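> Got a predicted model here, sequence first, then my questions.
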Amino acid sequence: MTRSRRTRGFSTAEVLVGSALSLVVLSAVSSFFRAQQSAHAVTTAYSQSQTVTRTVVDLMTRELRMATYDPSGAALTLSGPPNCPGVRQGIVEATPTRIRFKQDLDGNGATTGTAEDVTYDVSGTQIRRTDGANAAQPIVDNVPTNGLKLQYFDSANPPNELVPAGNPAALTAAQRDCVAKVRVTITANVTNPNPRISTPLASTAESEVAIRNRSLSNF
């Protein structure tokens, strides 16, 4: 005669405890996943904004490097004494948030071609680029106050900063003739992907460019 074994099952209390522990583990894993996902979204948004600001800074510095370029000697007027005589007067305007400069890229003795009369400035929350008489084109959005900052330096060693003065603040013609380097700083805001944080992410890019015609010792 075979005696059957009794099989002991789980009690209700054990099932409840196991379920509670499983829920705790799942909640922890879910919280970790959400935190990682949020951090990844913030990093991605910041990276994209940094790419934009860095690209615009690269564009500005590449064009500024050629400011006052005049291979024929006929496109731009030479500066006279007493300040920095003999340089090509290609920097037309220079303020803390606006710069206009000319260059004869095609060497035809005029500055009417593409990218030969360029202005960068701020309008509202946008940084704009203007090419000659064409309409201004926005190149960066969501720019905060002081989102474009321009600083000017001469060719001394160490260089002296040329500070715009007056109202509105701007460099004088004599100061513009002495500009050999320009420091460009751009800041743009990006909406924080975390809906619970209203403070935007700020992305900043900066570069200092030497104007080749006026700062040959930098190359």
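Perfect, thanks for sending it. Numbering: from 1, shown residues only.

> Pretty sure Y120 sits in a strand.
Yes. If the criterion is DSSP: H, G, I helix; E, B strand; the rest coil, then Y120 is within a strand.

> So in terms of bridging, what pairs with it?
I99, R129 (DSSP bridges).

> And it, how far from K149?
To K149, Y120 is 12 Å away according to CB to CB, to the nearest Å. Quick note: C-beta positions are derived from backbone N, CA and C, even for glycine.

> ditto for P82
Taken as CB to CB, the span from P82 to K149 is 29 Å.

> same thing with A75?
On the measure of CB to CB, A75 and K149 end up 29 Å apart.

> Which one's more surrounded, those two?
A75 (23 against 15; other CB atoms under 10 Å).

> need the contact list for that one.
102, 104, 108-111 (CB atoms under 8 Å, 6 or more residues apart in numbering).

> out of the residues you listed, who's nearest D70?
D104 (4.9 Å; CB to CB).

> For the residue nearest to the closest one when sequence neighbours are not counted, pull up the helix or strand it's in.
Nearest residue to D104 in three dimensions, chain neighbours excluded: A75, at 3.8 Å (CB to CB, 6 or more residues apart in numbering). In this assignment (DSSP states H and E), A75 forms part of neither any helix nor any strand.

> Could you report the pLDDT at the residue nearest the centre of the chain?
The C-alpha lying nearest the average C-alpha coordinate of the chain belongs to T53 (CA atoms, centre = their mean; 2.8 Å). Per-residue pLDDT puts T53 at 77.

> ok, now how distant is it from D154?
27 Å.

> Out of the helices and strands in the protein, which is least certain?
helix 12-65 (a mean of 67; mean pLDDT, DSSP states H and E).

> what packs against whichever helix or strand comes after that one?
Moving toward the C-terminus from helix 12-65, the next helix or strand (DSSP H and E) is strand 91-95. In terms of contacts (3 or more CB pairs under 8 Å, 6 or more residues apart in numbering; DSSP states H and E), strand 91-95 is packed against strand 98-102, strand 148-153, helix 173-178.

> ok, and what's touching the last one?
When you say that, I think you mean helix 173-178. Under CB under 8 Å, 6+ apart, the answer for helix 173-178 is 79, 82-85, 87, 89, 91-92, 94, 152, 154-155, 162.

> mind saving the C-alpha coords of that helix as PDB?
C-alpha atoms of helix 173-178 as PDB (Å, rounded to 0.1, in the frame of the first residue of the first chain):
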ATOM      1  CA  ALA A 173      36.600 104.700 -36.000                       C
ATOM      2  CA  ALA A 174      40.100 105.000 -34.600                       C
ATOM      3  CA  GLN A 175      39.500 102.100 -32.200                       C
ATOM      4  CA  ARG A 176      38.100 100.000 -35.000                       C
ATOM      5  CA  ASP A 177      41.300 100.500 -37.000                       C
ATOM      6  CA  CYS A 178      43.200  99.000 -34.200                       C
END
